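[1] Just the structure for this:
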Amino acid sequence: MASISDEIEQFILSVLSDDESVKLSRNDLAHYFSVAPSQINYVLATRFNFDKGYIIESKRGGGGCITLVRISDNKEDILPELVQELDNIDVLTFNRASNFTDRLVRDEVITKEEGDIIKSALSDKALNFPAHVGKMRKNIFKEIVIGLMRR
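    Next up is the predicted model:
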């Protein structure tokens, strides 16, 4: 059985569909799903963030109105953007690496099977090394992305 967060995510994805952006009202969504607006905030923050290929723009005083923007689906731009993002962080958690990998799969840069292999290689179990795991994971993932750019 799907959780309410899953249902909200699927609804937002269906509204977004093939569009690059969509305007949403947090309050209207909260009312539609009979949840607190904080639940909508949670779904947006965890399932529609930069790592997953989205930017959320909101206006203060806009009655909870936000614009959800899908970051470029242009395959030529995705990998260089990802390398730049990796250069801007010190360590890479497995959760964030998974988000990046899921984005590459969603945008058809890699197959689901390739994504599963990358996730396995970057898992805490595979990198069972006590010090600097996040930094090592970042470097490994960056090299994978650079390798993908070469193909």
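
[2] So Ile140 belongs to a helix, correct?
    Yes: Ile140: assigned to a helix according to DSSP: H, G, I helix; E, B strand; the rest coil.

[3] and the residue nearest to it when sequence neighbours are not counted, what does it touch?
    Distances taken as Cβ to Cβ, 6 or more residues apart in numbering put Leu122 closest to Ile140, at 6.3 Å, once the chain neighbours are dropped. Quick note: C-beta positions are derived from backbone N, CA and C, even for glycine. Residues near Leu122 by Cβ atoms under 8 Å, 6 or more residues apart in numbering: Leu92, Phe94, Ala97, Ser98, Thr101, Arg137, Ile140, Phe141.

[4] I figured the first one hits Gly134, correct?
    Spelled out, that is Leu92. Yes: Leu92 lies in contact with Gly134 (Cβ atoms under 8 Å); the separation is 5.6 Å.

[5] Wait, Ile110 touches Leu104, no?
    Yes: between Ile110 and Leu104 there is a contact under Cβ under 8 Å: 4.8 Å.

[6] Name the residues contacting each of those two.
    With Cβ under 8 Å, 6+ apart as the test, Ile110 and Leu104 both reach Leu148.

[7] Find the centremost residue of the chain, please.
    The residue lying closest to the centre of the chain (Cα atoms, centre = their mean) is Lys52, at 1.3 Å.

[8] ends of stretch 14-31, how far apart?
    End-to-end distance of stretch 14-31 (Cα to Cα, to the nearest Å): 18 Å.

[9] follow-up on the earlier one: gap between the residue nearest to Ile140 and Ser14?
    30 Å (Cβ to Cβ, to the nearest Å).

[10] can you check Asn27 too?
    In terms of Cβ to Cβ, Asn27 sits 19 Å off from Ser14.

[11] if you count what's nearby, which of the two comes out ahead?
    Neighbour count, other Cβ atoms under 10 Å: between Asn27 and Ser14, Asn27 has more, with 13 against 8.

[12] Could you verify that that one is part of a helix?
    Yes: assessed with three-state DSSP, Asn27 lies in a helix.
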